[in-house]
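1. Make a model of this:
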Amino acid sequence: MMGPGWYLRRLSRMGPAEVVGRARHAVVQRQWRSALPTPPDWPSHPRFAAALPSGTLDKVPGEAVKRLLATADELMAGRAEFFGVVRTDFESPDWFLDPKTGRRAPSDVYAFDVPYRSEDTVGDIKQIWEPSRHQHLTVLAAAYALTGNSDYAARVAAHLRSWWAGNPPLRGPHWVSGIELGIRLLSWVWTRRLLDGWAGVGDLFEDNPDFQLQLWHHQNWLSTLRSHGSSANNHVIAEDAGLLAAACAFGWFPESPRWRTEAMRSLDVQLGRNTFDSGLNAELASEYHGLVLELGLAAAVEADAAGTPVPDSTWDVLLRMTDALASIVDNRLRPPRQGDADDGFGLIVDGLETDRWASLLATGEALFGRLDWWPPNPGEDVRTPLFASLASRTPRASGVRAARRPAHLRDAGMTILRSGRIWARCDGGPHGFLSIAAHAHADALSVEVRHDGVDILADPGTFCYHGEPQWRSYFRSTLGHNTLELAGTDQSVSGGPFLWTRHAVTKVIEVRTPDEGPSRWTAAHDGYAPAVHRRTVELDGDVLKIVDEVLGDGRPAARLAFHLGPAVTVRLEGNVAHLSWPGHSTGSVAPVHTAAMELPSALSWTAHRGELDPPLGWYSAGFGRKEPSTTLVGSGPPGLLATLLHFS
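-> Now for the predicted structure:
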């Protein structure tokens with residue numbers, strides 16, 4: 001639970017307009033407490049006119065269908081996994097239960113009185129919210145659409161009726177956060193679309209007063225309480241995307257034309273603000289790049305199909321985001337692991353085994369066309385033919401697309417060095433987005449290094465948001481990244497969860513990324529002023545060299561950390577670390593790869609793995625999951641510190 005100090009620090013990061021806007025929201029919430037807003041009369045014979053064009057489902061590749069049905073059948077058996085916790089109650093889920101702690105959130109409390117940040121009161125709110133995004137229902141609905149098996153549709157209907165009955169407007173935890181309402185609306189749009197042709201679909205949606213009530217209140221909430229100011233990040237994108245999609249697909253209310261217009265206008269503005277000119281998401285959190293791109297594409301395609309004009313500027317941002325994703329992925333199509341990640345998806349119509357990033361690139365290729373430098377993409381998915389069928393025109397962007405693969409995205413401060421199967425990300429960008437930099441980590445000048453898609457020098461990830469402050473602090477910390485810590489403190493100052501009160505400023509000094517020969521990157525940051533940390537990374541063939549310097553007055557004690565991926569085995573001998581890891585199997589046996597790491601001899605080196613107090617030596621592959629990995633820490637006085645990583 002946030003204390004008074006956090007709220008004061010949070011207030012200090014707001015401008016006058018945001019303070020006024022939040023006061024207006026507070027007034028609305030007080031009004032709704034005493035009197036719910038009243039929806040208009042439901043039209044007598046609403047018609048759903050946003051079905052998939054005939055023949056679309058025939059274009060879904062067979063392997064993608066198999067993956068989808070494997071996931072759908074697990075759901076039908078009552079099994080689902082959220083953030084590392086397996087649930088076996090999904091035939092008839094409890095929408096308020098956190099299975100991790102066993103706690104149950106209050107269901108009959110005014111929404112804005114629910115202390116959702118308090119794990120002691122409600123449990124882990126992410127465990128409660130995630131199933132109620134209803135993305136498992138779009139999977140089941142897609143399974144019905146592709147097989148005609150009405151059992152899938154009946155399960156969808158049972159879950160929706162249960163949820164609508166248990167979550168009346170503005171009661172309980174599922175009415176607190178706009179991003180949840182927005183994503184839920186997207187799920188409902190696609191669930192209705194994919195159930196088209198099922199005998200019970202009209203009774204579930206168009207002729208159902210419970211759906212009418214839920215649909216109107218969701219859209220009214222989003223129209224009235226849109227995120228703004230220092231919170232106008234991925235949340236506002238989800239809110240706008242959900243409102244726009246629902247107002248297009250279910251345009252049955254008197255307010256629907258206004259909702260479409262305001263949501264499209266806001267989405268266009270916010271996509272631009274949330275995206276660098278280079279195409280990278282401005283939060284500098286790689287998974288949120290994927291989330292925002294998924295949301296933006298889903299909303300734009302929905303509007304296009306409904307005949308709602310989509311500005312060229314919206315398509316242009318989505319095109320730039322797609323090209324940026326193609327530019328930064330490694331040879332296995334994995335993007336960086338920069339910043340926060342909470343496994344959030346905008347829309348799910350594919351099976352769990354479908355690669356998210358390959359799917360996004362496939363959808364981008366269908367809508368915008370691929371460039372010659374894009375990486376090969378052998379993946380097949382369900383979403384791409386569905387989206388492509390709804391786009392009534394091929395979007396054409398006004399911007400000029402890059403003729404060669406960008407290696408340095410200047411405004412985002414991200415540089416990718418490549419040599420054969422070696423991929424290295426260098427972080428020389430802003431600390432984060434907006435005044436609070438909510439999803440940033442204290443990772444200035446950090447590096448990520450992979451060999452054929454395997455994490456060698458890894459970004460440890462995120463693991464958690466609420467409820468476990470020691471772990472939240474560790475995974476955001478400077479020591480928790482492949483960079484240099486001075487005086488035992490982070491480069492940027494945290495004001496608590498999702499809040500940074502002082503941001504390190506980073507400047508890229510030199511970048512050289514020729515088509516052939518050594519690549520080089522140099523940058524510095526002022527997070528330890530008056531001292532300045534400067535780092536140079538050079539990749540020449542199979543050798544990566546990292547040089548760290550501390551310039552200026554004062555030379556506090558330093559700790560240089562290198563976090564190895566969970567697949568890497570290490571043997572530390574003095575200042576030399578011998579690394580080995582299994583490669584990708586091309587037959588019955590996976591090859592073993594090796595590397596040697598020559599660490600700066602001026603520091604004293606120790607290896608740490610799975611330590612708890614304080615945490616050190618951990619890797620989080622996804623939200624809610626962590627596993628021991630090895631971290632090498634060199635301690636001593638800062639100086640000219642050179643590290644060599646030789647790949648065999």
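2. What residues does the residue nearest to G178 when sequence neighbours are not counted make contact with?
-> Leaving aside its chain neighbours, G178 sits nearest to E239 (4.4 Å; criterion: C-beta to C-beta, 6 or more residues apart in numbering). (Each C-beta comes from the backbone N, C-alpha and C, glycine too.) Each residue near E239 by C-beta atoms under 8 Å, 6 or more residues apart in numbering is listed here: 178-179, 181-182, 222, 226-227.
3. Next, count neighbours for A77.
-> Close neighbours of A77, defined as other C-beta atoms under 10 Å, add up to 11.
4. That should have said E611, apologies.
-> For E611, using other C-beta under 10 Å, the count is 12.
5. wouldn't it be in contact with V633 here?
-> No. E611 lies out of contact with V633 (C-beta atoms under 8 Å); the separation is 10.6 Å.
6. Now the element after the strand or helix carrying the residue nearest to G178, going C-ward?
-> Assigned by DSSP states H and E, E239 belongs to helix 234-249. Using DSSP H and E, the helix or strand that directly follows helix 234-249 along the chain is helix 256-273.
7. List the buried residues of that next one.
-> Buried residues in helix 256-273, counted by 16 or more other C-beta atoms under 10 Å: 256, 259-260, 262-264, 266-271.
8. do the same with stretch 29-41
-> 29, 32, 39.
9. In this structure, where is pLDDT below threshold?
-> Within the chain, the stretches with pLDDT under 70 are 1-2, 6-8, 10-12, 393-399.
10. just checking, what's the longest helix in it?
-> Counting residues, the longest helix in the chain under DSSP state H turns out to be helix 286-306.
11. got the angle between whatever helix or strand comes next after that one and helix 256-273?
-> Next along the chain after helix 286-306, taking DSSP H and E as the criterion, comes helix 312-328. For helix 312-328 against helix 256-273, the angle by axes from the mean of the first three to the mean of the last three C-alpha atoms, to 10 degrees is 40 degrees.
12. Using CSV, write down the CA coordinates of helix 312-328.
-> Below are the C-alpha coordinates for helix 312-328, written out as CSV (Å, rounded to 0.1, in the frame of the first residue of the first chain):
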residue,chain,number,x,y,z
ASP,A,312,-2.6,8.8,-42.1
SER,A,313,-0.5,9.9,-39.0
THR,A,314,-1.9,6.9,-37.1
TRP,A,315,-0.9,4.4,-39.8
ASP,A,316,2.5,6.2,-40.1
VAL,A,317,3.2,5.6,-36.4
LEU,A,318,2.2,1.9,-36.6
LEU,A,319,4.4,1.5,-39.7
ARG,A,320,7.3,3.1,-37.9
MET,A,321,6.8,0.9,-34.8
THR,A,322,6.7,-2.2,-37.0
ASP,A,323,9.9,-1.3,-38.9
ALA,A,324,11.6,-0.4,-35.5
LEU,A,325,10.7,-3.9,-34.2
ALA,A,326,12.2,-5.5,-37.3
SER,A,327,15.3,-3.5,-36.8
ILE,A,328,16.0,-4.4,-33.1
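13. Summarise which helices and strands that helix is packed against.
-> helix 256-273, helix 286-306, helix 356-368, strand 408-409, strand 414-419 (3 or more C-beta pairs under 8 Å, 6 or more residues apart in numbering; DSSP states H and E).
14. Please export the C-alpha coordinates of stretch 546-565 as CSV.
-> Extracted C-alpha coordinates of stretch 546-565, given in CSV (Å, rounded to 0.1, in the frame of the first residue of the first chain):
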residue,chain,number,x,y,z
ILE,A,546,33.6,-3.2,-22.8
VAL,A,547,35.6,-0.3,-21.3
ASP,A,548,34.3,1.6,-18.3
GLU,A,549,35.7,4.9,-17.0
VAL,A,550,34.7,7.1,-14.1
LEU,A,551,35.6,10.8,-14.8
GLY,A,552,35.4,13.9,-12.7
ASP,A,553,35.9,14.6,-9.0
GLY,A,554,35.3,11.9,-6.4
ARG,A,555,35.9,8.2,-6.9
PRO,A,556,33.4,6.3,-4.7
ALA,A,557,33.6,2.5,-4.5
ALA,A,558,32.4,0.7,-7.6
ARG,A,559,30.6,-2.5,-8.3
LEU,A,560,30.6,-3.7,-11.9
ALA,A,561,28.0,-6.4,-12.5
PHE,A,562,27.5,-8.9,-15.3
HIS,A,563,24.4,-11.0,-15.2
LEU,A,564,24.6,-14.3,-17.1
GLY,A,565,21.6,-15.8,-18.7
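15. Which positions within it qualify as buried?
-> Neighbour counts using 16+ other C-beta under 10 Å place 546-550, 558-565 of stretch 546-565 among the buried residues.
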